[in-house]
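>>> Sharing a model that was predicted from the sequence below.
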Amino acid sequence: MTVLSWNCRGLGQPRTVQELVCLVHTYKPKLVFLSETRQSNACGKRKEWRPVGSKPSHPFRYEHMWEQVESLQRTIEEGWRGSGEATNLQDVGAKISNMEHVLRTWAERDFGSVLKKTAEFRRKLSILWSSPNSAENQQKIKRCEAELDEILLQEELMWRQRSRVTYLREGDRNTKWFQRKATWRMKKNEISRLLDSSGVWKEDKEGIQDITRSFFQNLYEKEHGVEPQAVLNLVETKVTEEMNSALTKPFTEKEVTDSLFQIGLLKAPGPDGLLARFYQRNWESCEMTWSGAF
């Protein structure tokens, strides 16, 4: 008799369910024993508690995997052009904010959770594999496997974006290393607390923001009582008037376009959550000509 015993964390998570289904399908155990590592009270105290039924607020991020869905391009074009023409920077900001709302709504309605969809298709395949063999059943299995392959590609693109491993191409195997790379980046970039000027640790979001803002304001603020002209008089002039005129002249739309297309496709997005890939991919189709806005 084959027995499967698994001590894991996150039994309710879609990825855990996926791996469990694969193990059961591969080894076909007669008995499955599951246990979950208990979290200590010390770890539990660090959790953020929310009212029952409320959802955590996650910042918007443009997802590379969305591009596998045909309706995305039409949604982007209609959302961008439907918010009017950009004649100044305020209009540009309004169009970008509207695009965030459009894409977030589209993702919830037409895309959903790729992890949940993967788990659901694995569950369907498991049921089909255990059903009596027939021509109709084989056709269902082929269709389900084809849809699962498409969803697995989307999941691979998701982990590629989160891991920021630029030397990996679409089609590489979706391994645990791929996912650990993304988890490691998240832990590395996370700031859990900061020490303020009075020696008190701040762990809340507002406190961390205040310390960060104050630090950079003080860093780049002009120091009173310091007169730099005496030092500047000793520095030989390198920038001529002609060079200065070329550097300070109004920039052109071509310069903006050239700079944009030199940015890595999946580099970290700005506060708007839109990757450089979004602008590069839709620059011509959405007629993103902002020359009059600058």
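Sure thing, it's come through. Just so it is clear, the model here is predicted, and its values are computed rather than measured.
>>> Report the buried residues of stretch 68-75.
For stretch 68-75, burial by neighbour count (16 or more other C-beta atoms under 10 Å) applies to 68, 72, 75. Any C-beta I mention is one placed from the backbone N, CA and C, and that applies to glycine too.
>>> For it, the averaged confidence score.
For stretch 68-75, mean pLDDT rounds to 89.
>>> ok, and the helix or strand in the protein with the lowest average confidence?
The weakest-scoring helix or strand in the chain, judged by mean pLDDT, DSSP states H and E, is helix 41-44 (a mean of 44).
>>> Surely residue 83 forms part of a helix?
No. Per DSSP: H, G, I helix; E, B strand; the rest coil, residue 83 lies outside any helix segment and is coil.
>>> Nearest residue to the residue nearest in space to the middle of the chain in space, please, no chain neighbours.
Nearest to the mean C-alpha position of the chain, counting by C-alpha atoms, centre = their mean, stands residue 61 at 4.7 Å. Distances taken as C-beta to C-beta, 6 or more residues apart in numbering place residue 273 nearest to residue 61, at 4.8 Å, with adjacent residues excluded.
>>> Let me see the contact set for that neighbour.
The contact partners of residue 273, by C-beta atoms under 8 Å, 6 or more residues apart in numbering, come to 59-62, 100.
>>> at 10 Å what do you get?
Shown in contact with residue 273 (C-beta atoms under 10 Å, 6 or more residues apart in numbering): 58-63, 96, 99-100, 103-104.
>>> go on, residue 74?
Contacts for residue 74 (C-beta under 10 Å, 6+ apart) come out as residue 106.
>>> if we can go back for a sec, and what about the residue nearest to residue 61, helix, strand or coil?
Residue 273 ends up coil, using three-state DSSP.
>>> please renumber so the chain begins at 48
Fine by me, first position is 48 from now on; the one you just mentioned is residue 320.
>>> quick check: longest helix of this structure.
Across the chain, the longest stretch assigned as helix under DSSP state H is helix 182-210.
>>> and it, what other elements does it pack with?
helix 161-176, helix 223-236 (3 or more C-beta pairs under 10 Å, 6 or more residues apart in numbering; DSSP states H and E).
>>> ok, and for that helix, which residues are buried?
188, 191, 195, 198-210.
>>> what does stretch 317-336 give?
Quick answer for stretch 317-336 (16+ other C-beta under 10 Å): 319-329, 333, 335.
>>> hmm, back to that, looking at the residue nearest to residue 108 now. What's its pLDDT?
On pLDDT, residue 320 comes in at 86.
>>> ok, back up a step: same list, the contacts of residue 320, but as JSON lines with distance to residue 258 please.
As requested, those are arranged in JSON lines below (distance: C-beta to C-beta, whole Å):
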{"residue": "105", "distance to residue 258": "23"}
{"residue": "106", "distance to residue 258": "20"}
{"residue": "107", "distance to residue 258": "25"}
{"residue": "108", "distance to residue 258": "25"}
{"residue": "109", "distance to residue 258": "29"}
{"residue": "110", "distance to residue 258": "31"}
{"residue": "143", "distance to residue 258": "28"}
{"residue": "146", "distance to residue 258": "32"}
{"residue": "147", "distance to residue 258": "28"}
{"residue": "150", "distance to residue 258": "32"}
{"residue": "151", "distance to residue 258": "30"}
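>>> Wait, a strand at residue 81?
Yes. Residue 81 forms part of a strand when assessed by three-state DSSP.
>>> Which residues does it form beta bridges with?
According to DSSP bridges, the partner residues bridging residue 81 are residue 53.
>>> can you give me the end-to-end distance of stretch 304-312?
Using C-alpha to C-alpha, to the nearest Å, one end of stretch 304-312 lies 14 Å from the other.
>>> ok, now stretch 279-295?
End-to-end distance of stretch 279-295 (C-alpha to C-alpha): 21 Å.
>>> Kindly report the same for stretch 276-289.
23 Å.
>>> hmm, who's touching that stretch?
The contact list for stretch 276-289 (C-beta under 10 Å, 6+ apart) reads 293-294.
>>> That concludes my questions; thank you for your assistance.
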